[in-house]
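Student: whatever this is, show me its structure:
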Amino acid sequence: GFPTTGNMVCVRMATVNDLLQMQATNLWCLPENYQMKYYFYHLLSWPQLLWVAEDFDQSIVGYVMAKMEEDDKQPRHGHITSLAVLRTHRKRGIATALMRRSQMEMEKVFGAEYVSLHVRKSNKAAFHLYKETLDYEIHDVEKGYYADGEDAYDMRCTFNKKNEEQQQQQAVEGKMQALTVE
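Tutor: Below is the predicted model:
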């Protein structure tokens, strides 16, 4: 039989040809909408940080749009501008895959130390994804951040922290091996 659509979603780097569908996805999913020039700005400035999820019929079912922050007073870091997955395609790990790809490029290509994002206090599903699955922590609460007056959690995920923990774990395992060898 024909394979189910569930297995046919492919995550790839966005191109200029995806921007209209990304904007449409944003309009379907989120109250925070952007002009096309803002999508172009992201794509031209940080092409490695824009990723799309494409269904078997080449339609865009999700995207992540991110940027590097240009603030010299803080360590190099990225920011997730927008993430959306169509309702029909949620709970399949698509948002996680999109976020991980963008974050990986942030760290490898741009040398980011951490990534930040804002999420509505009321958005329990997104908060769970960021905190439980992607290891973000609440850095601050921004009062009245959204146009409708809702507060946002300012969340951060530190990259080198994970690497340090892995290195420490490997060092411990190395010492254990050394002890068993003697």
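Student: tell me the buried residues in stretch 57-74?
Tutor: 60-68 (16 or more other CB atoms under 10 Å). For glycine as for every other residue, the C-beta is placed from the backbone atoms N, C-alpha and C.
Student: which one of these sits closest to Lys108?
Tutor: Met68 (12.6 Å; CB to CB).
Student: which strand residues bridge that closest one?
Tutor: Gly78 (DSSP bridges).
Student: OK, contacts around it?
Tutor: Going by CB atoms under 8 Å, 6 or more residues apart in numbering, Met68 touches 45-46, 49, 76-79, 106, 110, 112.
Student: residue contacts, Arg76?
Tutor: Contacts of Arg76 (CB under 8 Å, 6+ apart): 68, 110-113.
Student: gap between it and Met155?
Tutor: Using CB to CB, to the nearest Å, one gets 18 Å for the distance from Arg76 to Met155.
Student: Leu86: which of the contacts of Met68 is nearest?
Tutor: Closest to Leu86 out of the contacts of Met68 is Leu49 (20.8 Å), distances taken as CB to CB.
Student: neighbours of the closest one, how many?
Tutor: Here the number of neighbours of Leu49 (other CB atoms under 10 Å) works out to 29.
Student: now do the same for the residue nearest to it when sequence neighbours are not counted: its pLDDT.
Tutor: Spatially, and ignoring its direct neighbours in sequence, Leu49 is nearest to Ala66 (4.0 Å; CB to CB, 6 or more residues apart in numbering). The model reports Ala66 with a pLDDT of 97.
Student: right, and Ala66 touches Ser102 too?
Tutor: Yes - Ala66 is in contact with Ser102 according to CB atoms under 8 Å; the separation is 4.7 Å.
Student: tell me the contacts of Ala95?
Tutor: Counting by CB under 8 Å, 6+ apart, Ala95 touches 62, 64, 83, 85, 129.
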